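Enquirer: what would the 3D arrangement of this be:
(chains A and B)
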Amino acid sequence: MIEQGYNFGYLDENTKRMIRRALLKAVALPGYQVPFGSREMPLPYGWGTGGIQLTASVIGPDDTLKVIDQGADDTTNAVSIRRFFHRVTGVATTERTAEATIIQTRHRVPEATLGEHQILVYQVPMPEPLFRLEPRVAETRRMHALADYGLMHVKLYEDIARHGAVTTSYNYPVMVNQRYLMSPSPIPAFDNPKLDRMPALQLFGAGREKRLYAVPPYTPVRSLDFEDHPFVPVRADAACVICGSRASYLDELIVDDGGTRHFVCSDTDYCASRPPLQEDAA
Amino acid sequence: MITAGFNDPVLDSQRCFRAVLDAMSRPGRIHRLPALPEAPAPLNPAAAAVLLTLVDADTPVWLDQPEAADWLRFHAGCPVAAEPGAVPFALAAGAMPALASLCQGSEEEPHLAATLLVQVAALRAGQGWRLAGPGIEHEHRLEVVGLPADFLAQWAANQARFPRGVDLVLCAGDQLACLPRSVQITEG
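Expert: Numbering: from 1, shown residues only, chains lettered A, B, ... in the order given. This is a model prediction of the structure:
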């Protein structure tokens, strides 16, 4: 049942056109942050307003939408966004990665390999990868224009000099198509290799910061590193207690007062689609 | 008389946008547009659909032949500019203007560059140019009939300006293919 009184997808057509024009430029400029006139949405900044506006601008009646929050389909943010789009567009929703044509995500990339018919929409809190190193927007814009990313290399170098390794475990900066430094949104560094030459189109929306950017399919995305300190995706050295996976990204759970730790898959659909562990194997 | 625009402005423009988005994400891949307005001469249906999908009062449009200006003003509400040098959207129904004569954006704001729609005689997949770049797994082939003889030289210069440069939408009948400024073209 589509909610009466709203345009298809909640946004008005002028807003959609403005976002669509920005999206086309973002695709032509892989990794470059295109400013757009972010609208006030019926939920606060920080809850995925950028991703929602992008999804609303691309979604059509034939689409199947999946929304994940940290890999899970059943958290408050994911459930409310999925319900929102079901109400304002009437589209089918799913929790299965393979069935979705649009996947809106907060801070994870699904474990399953995405296909050419899919679009991955990221919710981005801070699109500027250099903002902790250079707070002036005018200055970072110039650094992007000149591809002057020495500052980020110095930051990684200082990490290695002080701690012996790069200490960034999420939101790990990447170079897109050897030109633009890009924040992959706060996905774990574990997910960074999945961005590289992904067959699906990837769109990134930051509502509060009013920027969107894109990585076209099959575009090289390289995590910044050094020859003698190559990038290493980090994963907890454990198996999921539900499905036994030793390949997926894991969430850590403290299950009792004694501090007993369990690990479970962050991607709930991946975990649920695997056969459960046998009693004797556990 | 002014002919009709989209049957369903909301859903038709969404369908057309998805075709353009996919065409821009996968340069050289030909898309047949699922919804078309009654395009007035000299516009072809695909070019008319792309304009209705993307332009409005915020985006001046330059047309090389003014016959369709009233239709476009009526349906899209966009200003029609006299000169192509500063507009975000330009349409060439006849001869393509020089790519260097259009808005290129700046190094700091390359997204302000123009999108040029060119009406061509035909688009054929699987032969002709070899395309490479973002959006292309190995190689896309595209043959375009009806571009100026020096197009590849102009494109090489356009591509060398990256991140500045013009993005192209090639329209033939109800089909389109896109050439974002990031794509490299070599003769087949």
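Enquirer: in chain A, where is pLDDT below threshold?
Expert: Filtered on pLDDT under 70, chain A yields the residue ranges A:1, A:278-282.
Enquirer: now with 90, please.
Expert: Regions of chain A meeting the criterion pLDDT under 90 cover residues A:1-4, A:43, A:167, A:234, A:275-282.
Enquirer: and the longest helix for it?
Expert: The helix spanning the most residues in chain A, taking DSSP state H as the definition, is helix A:13-28.
Enquirer: close to chain B, is that one?
Expert: Yes - using Cβ under 8 Å from any Cβ of the partner chain, we find that helix A:13-28 touches chain B at A:13-14, A:16-18, A:20-28. Placement of C-beta: from N, CA and C, glycine included.
Enquirer: quick check: buried residues in stretch A:105-123?
Expert: For stretch A:105-123, burial by neighbour count (16 or more other Cβ atoms under 10 Å in any protein chain shown) applies to A:105-112, A:114, A:118-123.
Enquirer: same deal with stretch A:32-52?
Expert: Buried residues in stretch A:32-52, counted by 16+ other Cβ under 10 Å: A:32-34, A:36, A:38-39, A:41, A:47-52.
Enquirer: related to what we said a few turns ago, could you dump the residues of helix A:13-28 next to chain B to TSV with neighbour count?
Expert: Formatted as TSV, these follow (neighbours: other Cβ atoms under 10 Å in any protein chain shown):
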residue	neighbour count
A:Glu13	16
A:Asn14	13
A:Lys16	24
A:Arg17	23
A:Met18	22
A:Arg20	23
A:Arg21	24
A:Ala22	22
A:Leu23	26
A:Leu24	25
A:Lys25	25
A:Ala26	27
A:Val27	32
A:Ala28	32
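Enquirer: which residues in the stretch 51-200 of chain A form strands?
Expert: Per DSSP state E, counting those that start in this stretch, the stretch 51-200 of chain A carries strands over the ranges A:64-69, A:92-93, A:102-106, A:119-123, A:174-176, A:180-182.
Enquirer: chain B too?
Expert: Assigned by DSSP state E, the strands in chain B fall at B:31-32, B:61-63, B:80-81, B:89-92, B:115-119, B:122-132, B:140-145, B:167-172, B:175-179, B:184-186.
Enquirer: tabulate the ones you listed in TSV, adding columns for distance to A:Gly150 and mean pLDDT.
Expert: Shown next, in TSV, are the strands of chain B (distance: least, Cβ to Cβ, whole Å; pLDDT from 0 to 100):
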stretch	distance to A:Gly150	mean pLDDT
strand B:31-32	41	96
strand B:61-63	41	97
strand B:80-81	41	96
strand B:89-92	37	98
strand B:115-119	33	98
strand B:122-132	29	96
strand B:140-145	35	97
strand B:167-172	30	98
strand B:175-179	33	98
strand B:184-186	28	97
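Enquirer: including mean neighbour count and distance to B:Met24, could these go into a markdown table?
Expert: Output for the strands of chain B, formatted as a markdown table (neighbours: other Cβ atoms under 10 Å in any protein chain shown; distance: least, Cβ to Cβ, whole Å):
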| stretch | mean neighbour count | distance to B:Met24 |
| --- | --- | --- |
| strand B:31-32 | 16 | 10 |
| strand B:61-63 | 24 | 18 |
| strand B:80-81 | 16 | 23 |
| strand B:89-92 | 24 | 14 |
| strand B:115-119 | 26 | 9 |
| strand B:122-132 | 16 | 13 |
| strand B:140-145 | 18 | 13 |
| strand B:167-172 | 26 | 7 |
| strand B:175-179 | 26 | 4 |
| strand B:184-186 | 16 | 15 |
